[in-house]
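1. sequence first, then the predicted structure, then my questions.
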Amino acid sequence: MNQPRMLLVDASVLPSVFEKVVEAKRLLAVGKVRNLSEAAKAAGISRSALYKYKDYVFMHNENIDENVVTMNTNLVDRPGVLSSLINELSLLGANILTVNQNIPVDGVAPVSISARLGKETQVSQMVSRLESLDGVVEVRILTTR
C-alpha cells in the first residue's frame, strides 16, 4: 500500500468545498448535527462531496504541540486525588490531552498526564501547585514543547 502524500496548502487557493468539508466534520464532532447528511446540509455541500473528501481533508493546527507538557505523577490511592489534580490543571488554564493511570502499588498510583498549558503558565509554578495538593506524592516533568 502506498504511503499517503501530504501537502500543506493555503486554503485561499483551494476550492471552497474543502473548507466546507472541514466545517461539516467539525459540526459532527461537536454534536451540532447527528449524521453526515445533516453535516453536509449545514455546511452547504452535497453529501457526495462530503463522502468523497471526509477521509482526506483535515484542518491543520500549527499550535497543536505548542506548550505541551508530559508529566509523571504519583498519587495516593484515595478517591478524589486525581480529580483535584485535574481540577488544579484546569485552574492553571491547561487542556488535558491524555491521562494514563496504572494500578496502585503500595497505596500509590502512577499517573502520566499530557496537557497543553496556557500561554502564561510557568512549568515550575505548575509543579509547585500540583505538589502542594493533598495526596500528590510526586510530580516529574518528562517533556515540554
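-> In hand now; what should we look at?
2. which residue ranges form the strands in the protein?
-> 68-76, 95-101, 108-116, 136-144 (DSSP state E).
3. shaky segments in the protein?
-> In the prediction, the chain carries residues with pLDDT under 70 at positions 1, 63, 65.
4. centre-most residue in it?
-> Leu97 (3.9 Å; Cα atoms, centre = their mean).
5. once you drop chain neighbours, what's closest to it?
-> Ser114 (4.4 Å; Cβ to Cβ, 6 or more residues apart in numbering). Bear in mind the C-beta positions are built from the backbone N, C-alpha and C, glycine included.
6. what's near enough to touch that neighbour?
-> By Cβ atoms under 8 Å, 6 or more residues apart in numbering, the contact set of Ser114 is Val68, Val69, Thr70, Met71, Ile96, Leu97, Thr98.
7. how about Leu27?
-> Val33, Glu38, Ala39, Ala42, Ala43.
8. how close does the fourth one get to Val30?
-> As judged by Cβ to Cβ, to the nearest Å, Ala42 and Val30 stand 12 Å apart.
9. which of these two has more residues huddled nearby?
-> Ala42 (15 against 8; other Cβ atoms under 10 Å).
10. isn't the more buried one right up against Ala24?
-> Yes - using Cβ atoms under 8 Å, Ala42 is in contact with Ala24, at 6.8 Å.
11. list residues touching both of those two?
-> What both Ala42 and Ala24 touch, as defined by Cβ under 8 Å, 6+ apart, is the set Val33.
12. for Gly93, which non-adjacent residue is spatially closest?
-> Gly118 (2.8 Å).
13. tell me the contacts of that neighbour?
-> Asn67, Leu92, Gly93, Ala94.
14. I'd like these as CSV, with neighbour count and distance to Tyr53 appended.
-> Formatted as CSV, the contacts of Gly118 follow (neighbours: other Cβ atoms under 10 Å; distance: Cβ to Cβ, whole Å):
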residue, neighbour count, distance to Tyr53
Asn67, 18, 31
Leu92, 17, 38
Gly93, 15, 35
Ala94, 21, 34
